[in-house]
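Chemist: when you get a sec, could you give me coordinates for this:
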Amino acid sequence: MATVVPPEDYVRTWAKQHQVVGDYRDLCDSEKLQAAVLESFHNIAREQKLGSFENIASVTLEPIAFIARGFLTPTLQLKRAKLLASD
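Modeler: Coordinates of the predicted model:
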């Protein structure tokens, strides 16, 4: 599983091309967009000739970056206490 924070301009462009309406948060919840992002990961994996165990099985799209939520330090280390408290 991969958690992805997609660029907002990519999401809006994709939505316009596929006639999907909604704000950025709603679009990140869209199963169509999640499937499109997963397919692009699979295409890259095929191009790079990755093994099946190296492929991403599913994807979750998050509209807000982890660092913006305070789950990561500026050096990209996890703030474990905050992560555990969020459950």
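Chemist: show me where the chain has its strands.
Modeler: For the chain, the strands defined by DSSP state E cover 2-4, 59-61.
Chemist: deepest-packed of those strands, please.
Modeler: strand 59-61 (a mean of 17; mean count of other CB atoms under 10 Å). Placement of C-beta: from N, CA and C, glycine included.
Chemist: name the residues that touch it?
Modeler: 1-6, 28-29, 33-34, 37-38, 41 (CB atoms under 8 Å, 6 or more residues apart in numbering).
Chemist: if we can go back for a sec, of the strands of the chain, which is nearest R80?
Modeler: Among these, strand 2-4 comes nearest to R80, with 16.7 Å by CB to CB.
Chemist: summarise which helices and strands the closest one is packed against.
Modeler: Counting by 3 or more CB pairs under 8 Å, 6 or more residues apart in numbering; DSSP states H and E, the packing neighbours recorded for strand 2-4 are strand 59-61.
Chemist: low-confidence regions, this protein specifically.
Modeler: Where the chain drops to pLDDT under 70, the residues are 66-68, 83, 86-87.
Chemist: burial measure for the closest residue to G70 other than its chain neighbours, as a count.
Modeler: Leaving aside its sequence neighbours, G70 sits nearest to K82 (CB to CB, 6 or more residues apart in numbering; 5.9 Å). Residues lying near K82 (other CB atoms under 10 Å) number 12.
Chemist: also C28?
Modeler: Neighbourhood size, C28 [other CB under 10 Å]: 21.
Chemist: over to A85?
Modeler: Other residues close to A85 by other CB under 10 Å number 8.
Chemist: ok, it to R69 distance?
Modeler: 12 Å (CB to CB, to the nearest Å).
Chemist: before we move on, what about Q17?
Modeler: Distance from Q17 to R69, by CB to CB: 29 Å.
Chemist: name the residue in those two with the higher neighbour count.
Modeler: Set side by side, Q17 and R69 show more neighbours around R69, with 13 against 9, by other CB under 10 Å.
Chemist: measure S40 to F71 for me?
Modeler: In terms of CB to CB, S40 sits 25 Å off from F71.
Chemist: looking at those two, which is more packed in?
Modeler: Looking at S40 and F71 with other CB under 10 Å, you find the greater number of neighbours at F71, namely 15 against 11.
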